[in-house]
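Engineer: what follows is a protein structure lacking sequence information:
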């Protein structure tokens, strides 16, 4: 796996420009541009979709009488929740999900009967409608905000690009293509061909990690309920 400096040096070969030697030196405008477009590329890939590389399982243990749980306290690299992946980890593994704002208001102010746990995710928090029992283990899948491995610190995942030796979590060829067209654009050069090539590669790599169709995890086709693993959609 190539680190971010090595990838930027390959980009310099492709764009016929001087190779960067230290992206974080702060003494060269050329290297500052490379660092800027590298950060932009990684941030854009993070926001593109539910990459397999970023999919993780989180866990929340409830406490007696507490309704609100800050996600950063128990899941510091949380970026977004994956749909239909939250369930109580018990013998039944009952699936629960975030309710709509309308349902939340009706149950809160009209005291409608509540079946099971109800929650919403707002302002980076799990918010339960009523206090759940203590020590309920709730697990979920989420998209991580990590974008690089720290090659110096035992390949620990990080959310910020900080060193020349940091290794992108995403496919290095895709990262290189993303830096190439952004470098051309940043320097006021034509970049349409490189951008189109990057987009084709991006959609291909992302699509390869998705299911070909919806997978329904329910016992009977007559009662379509339960977990649905989302299919790949056209890009």
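Structural biologist: Good, I have the coordinates. These numbers come from a predicted model, not from an experiment. Residues are numbered from 1 along each chain as shown.

Engineer: what ranges do the strands span in the protein?
Structural biologist: 55-61, 68-70, 78-81, 87-88, 119-122, 125-128, 137-144, 148-150, 156-158, 167-168, 215-217, 227-229 (DSSP state E).

Engineer: and the ones you listed as a markdown table, adding mean pLDDT?
Structural biologist: Converted to a markdown table, the strands of the chain look like this (pLDDT from 0 to 100):
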| stretch | mean pLDDT |
| --- | --- |
| strand 55-61 | 91 |
| strand 68-70 | 94 |
| strand 78-81 | 88 |
| strand 87-88 | 76 |
| strand 119-122 | 80 |
| strand 125-128 | 88 |
| strand 137-144 | 89 |
| strand 148-150 | 96 |
| strand 156-158 | 95 |
| strand 167-168 | 97 |
| strand 215-217 | 51 |
| strand 227-229 | 46 |
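
Engineer: of these, flag the one that's most buried.
Structural biologist: strand 167-168 (a mean of 22; mean count of other CB atoms under 10 Å). C-beta: built from backbone N, CA, C; applies to glycine.

Engineer: what residues are bridge-paired with residue 88?
Structural biologist: residue 138 (DSSP bridges).

Engineer: may I have the beta-bridge partners of residue 158?
Structural biologist: With DSSP bridges as the rule, residue 158 is bridged to residue 148.

Engineer: quick one, what contacts it?
Structural biologist: 146-150, 166 (CB atoms under 8 Å, 6 or more residues apart in numbering).

Engineer: need those residues in JSON lines (columns: distance to residue 18).
Structural biologist: Listed next are the contacts of residue 158 as JSON lines, based on distance: CB to CB, whole Å:
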{"residue": "146", "distance to residue 18": "31"}
{"residue": "147", "distance to residue 18": "26"}
{"residue": "148", "distance to residue 18": "24"}
{"residue": "149", "distance to residue 18": "27"}
{"residue": "150", "distance to residue 18": "27"}
{"residue": "166", "distance to residue 18": "21"}
